[in-house]
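**Q** got a structure for you, letters missing:
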Ligand SMILES: Nc1ncnc2c1ncn2[C@@H]1O[C@H](COP(=O)(O)OP(=O)(O)OP(=O)(O)O)[C@@H](O)[C@H]1O
């Protein structure tokens with residue numbers, strides 16, 4: 001069963017409530033306005049991952065049957081030969097979560113989403129050690145001073161970080177750790193001693209990214225605008241050579257296959273998108 005932790009991600013945390021996001025702008029200057037992403041409202045209804053699959057199943061019954069059979073036929077965990085942690089990044093709303101959840105579903109007991117530490121309070125339904133490790137600011141600062149994090153960041157008044165111990169523990173359980181982190185986190189992991197591989201998920205277009213963000217129905221107007229503004233910078237970074245693989249998430253069935261091939265090192269993985 002896919003862990004609940006996967007539902008709450010660090011990259012999602014990067015754009016918090018409007019007030020926190022505005023504070024983040026002021027504090028870290030991570031977000032800068034840009035020109036090419038329109039903030040024009042669209043009224044599209046983009047489905048959730050599950051609804052999206054249902055819709056795909058209706059539209060492409062043959063393809064979906066093949067796809068679905070693959071996803072349920074795995075009897076024993078098939079580990080990739082490269083077990084290094086996988087860092088997945090890309091603009092908010094591009095479909096990172098959708099893609100790695102599918103990967104996890106198709107390969108049960110192989111991957112583990114890294115659980116971050118945070119100083120923010122748990123939201124209703126969230127559990128310590130499942131969604132996040134909830135710590136005080138004092139403890140967080142101690143952990144930073146002791147160099148316990150591979151990457152950490154402040155969003156609004158809260159701190160978030162990925163501990164080296166979490167990555168090591170998941171690895172020791174035989175899992176390939178997946179880190180869903182935003183751009184600044186990626187840069188920190190790259191500077192750290194963690195030997196990881198990096199995949200960037202790109203949208204087919206700015207319009208489609210906006211459509212997905214709005215269609216997800218989770219963001220306020222302010223939050224959508226901040227995420228789109230930030231997307232330009234993320235895209236520049238994505239194409240700066242920092243990533244081992246770039247996947248354009250246009251058709252979900254194609255993108256998940258591309259991710260799977262890259263993760264498992266099949267021939268398709270050698271060709272950069
Ligand atoms: N290939 C696709 N085609 C159409 N819609 C998609 C596709 N991939 C994902 N979506 C939809 O786009 C929306 C955003 O996807 P998702 O939440 O996975 O993005 P994300 O990159 O993980 O965002 P965040 O960083 O904010 O967590 C969801 O509603 C999802 O169903």
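**A** Arrived safely. Values in this document were obtained by computation on a predicted structure and should not be read as measured data.
**Q** can you show me the strands along the stretch 51-200 of the chain?
**A** Secondary structure of the stretch 51-200 of the chain by DSSP state E, counting those that start in this stretch: the strands cover 86-89, 111-113, 117-118, 133-134, 149-155, 158-163, 176-180, 197-202.
**Q** could those strands be laid out in CSV, adding mean pLDDT?
**A** Below are the strands of the stretch 51-200 of the chain laid out as CSV (pLDDT from 0 to 100):
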stretch, mean pLDDT
strand 86-89, 98
strand 111-113, 95
strand 117-118, 96
strand 133-134, 96
strand 149-155, 91
strand 158-163, 93
strand 176-180, 96
strand 197-202, 98
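**Q** closest to residue 220 out of those strands?
**A** With Cβ to Cβ as the criterion, residue 220 lies closest to strand 149-155 of the strands of the stretch 51-200 of the chain, at 15.5 Å. (Each C-beta comes from the backbone N, C-alpha and C, glycine too.)
**Q** show me where the stretch 151-273 of the chain has helices.
**A** Ranges of helices within the stretch 151-273 of the chain are 164-172, 183-191, 206-216, 221-238, 252-264, based on DSSP state H, counting those that start in this stretch.
**Q** in the longest one, what counts as buried?
**A** Spelled out, that is helix 221-238. Of the residues in helix 221-238, those buried by neighbour count under the rule 16 or more other Cβ atoms under 10 Å are 223-232, 234-235, 237-238.
**Q** which one among those residues gets closest to the ligand?
**A** Within the buried residues of helix 221-238, proximity to the ligand (Cβ to the nearest ligand atom) peaks at residue 227, which comes in at 6.9 Å.
**Q** find the nearest non-adjacent residue to that closest one, please.
**A** residue 92 (4.1 Å; Cβ to Cβ, 6 or more residues apart in numbering).
**Q** confirm for me that that neighbour is in contact with residue 214.
**A** No - between residue 92 and residue 214 there is no contact, the gap being 11.8 Å when judged by Cβ atoms under 8 Å.
**Q** how many residues are close by residue 99?
**A** Counted with other Cβ atoms under 10 Å, the neighbours of residue 99 add up to 24.
**Q** list the contacts for it?
**A** 88, 201, 247, 249, 252, 255-256, 259 (Cβ atoms under 8 Å, 6 or more residues apart in numbering).
**Q** run a quick neighbour tally on residue 254.
**A** 12.
**Q** swap in residue 196?
**A** Other residues near residue 196 come to 18 when the count uses other Cβ under 10 Å.
**Q** that one touches residue 176, doesn't it?
**A** No - applying Cβ under 8 Å as the test, residue 196 and residue 176 come out as separate, 10.4 Å apart.
**Q** quick check: neighbours shared by these two?
**A** 84-86.
**Q** quick one, which of these are buried?
**A** Buried, going by 16+ other Cβ under 10 Å: 85-86, out of the shared contacts of residue 196 and residue 176.
**Q** dump the shared contacts of residue 196 and residue 176 into TSV; add distance to the ligand as well.
**A** Formatted as TSV, those follow (distance: Cβ to the nearest ligand atom, whole Å):
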residue	distance to the ligand
84	21
85	18
86	14
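**Q** in JSON lines, list the helices of the stretch 151-273 of the chain along with mean pLDDT and distance to residue 158.
**A** As requested, those are exported to JSON lines (pLDDT from 0 to 100; distance: least, Cβ to Cβ, whole Å):
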{"stretch": "helix 164-172", "mean pLDDT": "92", "distance to residue 158": "18"}
{"stretch": "helix 183-191", "mean pLDDT": "95", "distance to residue 158": "14"}
{"stretch": "helix 206-216", "mean pLDDT": "96", "distance to residue 158": "22"}
{"stretch": "helix 221-238", "mean pLDDT": "94", "distance to residue 158": "16"}
{"stretch": "helix 252-264", "mean pLDDT": "97", "distance to residue 158": "30"}
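**Q** now distance to residue 142 too, for those, in CSV please.
**A** Listed next are the helices of the stretch 151-273 of the chain as CSV, based on distance: least, Cβ to Cβ, whole Å:
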stretch, distance to residue 142
helix 164-172, 14
helix 183-191, 18
helix 206-216, 36
helix 221-238, 30
helix 252-264, 35
